[in-house]
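Novice: Sequence and predicted structure are below.
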Amino acid sequence: MAHFQHFIDGTFTHGTSGRTFPKYRPSDGALIGHVHEGGRAEIDLAVQAARAAQKGPWARLTVDDRSDLMRAVADGIVRRFDDFVAAEMADTGQPRSMMEHAFIPRGAANFRIFADVVKNVATESFQTPTPDGRGALNYAIRKPKGVIGVICPWNAPLLLMTWKVAPALACGNSVIVKPSEETPGTATLLGEVMNDAGVPAGVYNVVHGFGPDSAGGYLTQHPGVDAITFTGETRTGTAIMQAAAHGLRDVSFELGGKNSAIVFADADLDVTLEALGRSVFLNCGQVCLGTERVLVERPLFEALVAGLKEKAEALRPGATLGPLISAEHREKVLSYYEKAVAEGASVVTGGGVPTMPEELSGGHWVQPTIWTGLADEASVWNEEIFGPCCHIRPFDSEEEAIAVANATDYGLSTAIFTRDLSRAHRVAAEVDVGITWVNSWFLRDLRTPFGGTGHSGIGREGGVHSLEFYTELRNICVKL
Ligand SMILES: NC(=O)c1ccc[n+]([C@@H]2O[C@H](COP(=O)([O-])OP(=O)(O)OC[C@H]3O[C@@H](n4cnc5c(N)ncnc54)[C@H](O)[C@@H]3O)[C@@H](O)[C@H]2O)c1
Ligand SMILES: N/C(=C\C=C\C=O)C(=O)O
């Protein structure tokens with residue numbers, strides 16, 4: 001039975017709350033561990049350690065030193081690759097292949113990219129004319145913000161947490177991570193890697209717990225926290241933004257999405273189906289960038305429905321399709337499966353719970369599901385479900401497709417499939433999202449701006465954009 005401890009000031013600790021909460025394995029519902037719940041006392045201790053680190057050896061390191069340390073952390077993740085795979089599989093129940101080829105390698109990649117970025121991004125300077133003719137020199141420098149609160153979701157725990165921690169540390173900040181209560185494993189394990197890599201105590205801290213009246217809530221309200229970066233549900237973002245307003249602390253938000261794919265009749269069907277097979281069903285549909293709305297130009301509609309049905313029915317729950325994260329989340333997804341039928345959907349495939357072998361019958365399994373025939377007002381077409389499902393809707397013009405794709409408060413990502421690249425560029429510029437893929441999906445260059453518009457987020461992460469959030473840019477003017 002695992003015991004997930006906090007990691008504060010370089011040491012593992014049960015904390016003082018005396019409370020723990022259970023960790024169940026999503027694939028079979030088995031109790032696999034207890035997680036120590038942190039409260040105000042643990043957050044106070046972590047903030048104390050993080051602030052002290054800002055005045056200790058960490059603050060005296062050069063950018064090159066920090067860059068080298070980020071690489072050492074990346075190497076540490078690779079060295080313990082199997083431990084991270086095992087920890088994340090236990091937490092999420094997702095197939096080993098996805099962990100090994102996608103989610104865990106990104107943990108190391110996230111540290112490596114910011115080891116490079118932090119050394120290679122210049123700041124600006126200006127030669128300023130002055131009335132006396134001798135001029136002045138203006139130049140900018142970057143300084144770390146200080147202590148960053150990092151609050152993460154359960155769907156890609158290591159990837160999403162290190163996507164924030166790596167730039168934060170590369171820029172010289174200290175962090176206090178509050179992992180999701182559903183997935184304590186890899187954030188805790190990273191503490192061991194930080195110690196082994198030589199990251200000074202107090203720079204990386206982990207406090208487990210929940211949101212309101214628990215570690216998460218206290219972290220967002222603590223006056224010793226200089227900024228908060230959060231990935232999670234839009235409504236949680238609203239609550240965190242209100243907490244951050246006290247003390248006027250900066251926020252970076254990666255929130256929910258209701259992403260469309262737009263498939264034109266001239267699209268390469270094989271390319272499209274390969275991408276949609278992942279964007280709808282990867283991680284059991286628990287990917288913020290995933291597709292739950294498929295718009296298809298009418299001549300291709302029947303072929304695409306048939307092709308995606310084949311992709312869905314080729315998935316094997318327990319082998320190539322993992323479970324949902326929790327019983328509660330499965331109830332939410334199944335409620336939408338019922339709503340879809342109540343609102344008049346035709347169920348192309350799925351719509352319920354798969355029959356699982358006895359040993360997995362306690363897991364949070366649902367069938368990959370495809371609907372057609374719903375009106376645009378249907379809840380399934382407008383609300384984020386975060387499961388392995390999509391509704392497919394025909395369209396007859398480019399203008400209609402753009403209007404329907406934009407008819408949502410979210411604005412995270414879209415995927416456009418067409419052989420006509422002039423049209424691809426034109427439509428991409430019109431769909432109001434932060435991230436657009438053309439004839440692809442989830443193809444990532446970590447230097448690019450990542451983030452959503454509207455209810456999908458505030459700010460951008462990736463490359464120099466992360467530096468904008470994790471540093472304070474200061475201008476210095478020198479009279480010559
Ligand atoms: N835009 C992105 O890049 C992105 C990436 C992954 C997931 N997501 C979104 O995340 C959601 C799924 O993740 P989730 O269910 O863990 O989200 P969630 O909002 O329920 O929880 C996220 C984290 O916030 C904490 N939390 C909850 N309430 C809080 C509060 N009031 N104060 C402080 N902390 C609080 C939780 O304990 C958890 O650690 C989906 O909506 C998905 O779209 C977005
Ligand atoms: N933030 C990223 C992925 C988000 C996945 C959402 O579930 C990334 O690829 O950097």
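Specialist: Alright, I've got the coordinates. Ligands and ions are numbered 1, 2, ... in the order given.

Novice: make it CA atoms for all contacts and neighbour counts henceforth
Specialist: Noted.

Novice: Residue 51 - nearest residue in space that isn't next to it in sequence?
Specialist: Nearest non-adjacent residue to residue 51, counting by Cα to Cα, 6 or more residues apart in numbering: residue 147, 6.5 Å away.

Novice: does that neighbour really touch residue 224, like I thought?
Specialist: Yes. Counting by Cα atoms under 8 Å, residue 224 is a contact partner of residue 147 at 7.3 Å.

Novice: Between those two, which is the more surrounded one?
Specialist: Relative neighbour count places residue 147 above the other of residue 147 and residue 224, with 29 against 20, counting by other Cα atoms under 10 Å.

Novice: What's opposite the more buried one in the beta bridge?
Specialist: residue 174 (DSSP bridges).

Novice: next one: the one 4 residues further on
Specialist: Following DSSP bridges, residue 151 is listed with bridge partners residue 178, residue 230.

Novice: show me what contacts it?
Specialist: 161, 177, 178, 179, 180, 216, 228, 229, 230, 231 (Cα atoms under 8 Å, 6 or more residues apart in numbering).

Novice: ok, now how distant is residue 414 from residue 288?
Specialist: Going from residue 414 to residue 288 by Cα to Cα, to the nearest Å gives 11 Å.

Novice: Please disregard the earlier target; I meant residue 194.
Specialist: Distance, residue 194 to residue 288, using Cα to Cα: 28 Å.

Novice: swap in residue 352?
Specialist: Taking Cα to Cα, one finds residue 352 at 22 Å from residue 288.

Novice: Setting aside sequence neighbours, what's the nearest residue to the residue minimising distance to the centre of the chain?
Specialist: For the chain, residue 160 is the residue whose C-alpha lies nearest the centre (Cα atoms, centre = their mean; 4.2 Å). In this structure, residue 160 finds its nearest non-sequential neighbour in residue 152, 6.8 Å apart by Cα to Cα, 6+ apart.

Novice: How much space separates the one you found from residue 190?
Specialist: Residue 152 sits 14 Å away from residue 190, going by Cα to Cα.

Novice: And for residue 308?
Specialist: 38 Å.

Novice: Using CSV, list the CA coordinates for stretch 234-244.
Specialist: What follows is stretch 234-244 as a C-alpha-only set of coordinates in CSV (Å, rounded to 0.1, in the frame of the first residue of the first chain):
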residue,chain,number,x,y,z
THR,A,234,-13.0,26.7,-16.2
ARG,A,235,-15.2,27.0,-13.1
THR,A,236,-12.2,26.2,-10.9
GLY,A,237,-10.2,28.9,-12.7
THR,A,238,-12.9,31.4,-11.8
ALA,A,239,-12.6,30.5,-8.1
ILE,A,240,-8.8,30.7,-8.2
MET,A,241,-8.9,34.1,-10.0
GLN,A,242,-11.0,35.5,-7.2
ALA,A,243,-8.5,34.2,-4.6
ALA,A,244,-5.6,35.5,-6.5
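
Novice: can you tell if that stretch touches ligand 2?
Specialist: No. Residues of stretch 234-244 contacting ligand 2 under Cα under 6 Å from any ligand atom: none, with a closest distance of 13.2 Å.

Novice: quick check: mean pLDDT across that stretch?
Specialist: Stretch 234-244 shows a mean pLDDT of 96.

Novice: For it, what is the distance to the chain centroid?
Specialist: Relative to its chain's centre, stretch 234-244 lies at 16 Å (Cα atoms, centre = their mean, to the nearest Å).

Novice: Run a quick neighbour tally on the one residue in the stretch 351-480 of the chain that gets nearest to ligand 2.
Specialist: In the stretch 351-480 of the chain, the residue found nearest to ligand 2 is residue 444; the distance is 6.2 Å by Cα to the nearest ligand atom. For residue 444, the count of nearby residues is 9 (other Cα under 10 Å).

Novice: Would you agree residue 324 is in contact with residue 26?
Specialist: Yes. Judged on Cα under 8 Å, residue 324 makes contact with residue 26 at a distance of 6.7 Å.

Novice: any common contacting residues for these two?
Specialist: Common neighbours of residue 324 and residue 26 (criterion: Cα under 8 Å, 6+ apart): 92, 93, 364.
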